[in-house]
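Novice: Fold the stuff below for me.
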Amino acid sequence: MTLSWRKDITHLTFDCYGTLIDWESGILAAVQPVLAGRGVVPAPEAILRRYVKHEARLEAEQWRPYHEILRGVMRGLASDFHVRLAGDDLDVLADTLPDWPPFSDTIAALHKLAGHYHLVVLSNIDDALFAQTQKRLRVRFSEIITAEQMRSYKPGHAHFREAVRRLNISPLQILHVAQSLYHDHMPAHEFGFRTAWVRRPSLLGDLGLSPEVTMQPDIMVADLESLAAQLGANR
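Specialist: Here you go, the predicted model:
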């Protein structure tokens with residue numbers, strides 16, 4: 001694939017959960033034991049579909065911290081599967097999020113890319129939660145822009161606007177790397193970024209944990225290792 005615009009890219013901005021971190025595995029590892037303890041064993045796909053629905057609904061409402069969004073998701077799942085949850089069970093997603101694993105290629109690819117580009121995180125997350133995840137990623141980011149800082153969730157433009165402001169560069173110098181077309185590619189394109197779609201394997205098909213949207217990213221790759229190769233960062 002010819003990427004004639006690649007020479008203009010100086011910064012890579014990354015979604016984190018779903019792109020760098022295997023959040024489907026993390027979500028299921030948190031939720032399935034809670035439901036099973038109440039005698040309910042839904043299909044994994046059913047849990048994830050309902051997670052998508054509740055998270056998107058809550059993030060579209062008045063802003064609240066992400067750990068509260070996760071509590072709301074658990075309340076929604078409890079209602080969907082007709083179980084009662086309280087106390088620690090409602091906090092299980094936020095409590096386990098620091099343990100959600102990176103994809104197998106994430107760390108090595110980030111280190112390769114860091115040798116050629118400035119790396120930035122744009123995430124729908126709280127600062128304290130991401131600080132725990134960052135320990136797992138083992139790479140230095142030039143900037144970390146969170147929903148807590150912006151008091152806004154993607155697909156809003158606030159993360160992308162703030163990236164341009166902090167980095168003091170043109171949007172055309174940025175390649176945004178993400179799995180979710182809805183949360184990331186759509187607003188990034190609207191704000192003038194190039195985008196790379198990392199099509200991580202998902203129990204929910206190509207779109208993963210994302211409401212449906214139709215658009216065309218600039219690059220499509222199976223993983224970050226492939227992205228590093230396309231950008232010439234393997235050398």
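
Novice: Tell me where the chain is predicted with low confidence.
Specialist: 1-3, 205-212, 235 (pLDDT under 70).

Novice: Now with 80, please.
Specialist: For the chain, residues meeting the criterion pLDDT under 80 lie at 1-3, 204-214, 233-235.

Novice: Show me the domain layout of this protein.
Specialist: Using automatic domain parsing, the domain ranges for the chain come out as 6-22+101-230, 24-99.

Novice: Doesn't G76 lie inside a helix?
Specialist: Yes - looking at G76 with DSSP: H, G, I helix; E, B strand; the rest coil, it is inside a helix.

Novice: re the thing from before, which of the domains of the chain sits most buried?
Specialist: domain 6-22+101-230 (a mean of 19; mean count of other C-beta atoms under 10 Å). The way it works is simple: take the backbone N, C-alpha and C, and place the C-beta from them, glycine included.

Novice: for that domain, how far is the first residue from the last?
Specialist: 10 Å (C-alpha to C-alpha, to the nearest Å).

Novice: Distance-wise, check Q132 relative to V213.
Specialist: 30 Å (C-beta to C-beta, to the nearest Å).

Novice: Repeat that for V41.
Specialist: Applying C-beta to C-beta to V41 and V213 gives a distance of 31 Å.

Novice: what does I174 give?
Specialist: In terms of C-beta to C-beta, I174 sits 20 Å off from V213.

Novice: what does T13 give?
Specialist: If you go by C-beta to C-beta, the gap between T13 and V213 works out to 19 Å.

Novice: Same check on Q134?
Specialist: For Q134, the distance to V213 - C-beta to C-beta - is 29 Å.

Novice: what helix or strand does V121 sit in?
Specialist: Using DSSP states H and E, the element containing V121 is strand 118-123.

Novice: C-terminal to that strand, what's the next element?
Specialist: Next element after strand 118-123 (DSSP H and E): helix 127-137.
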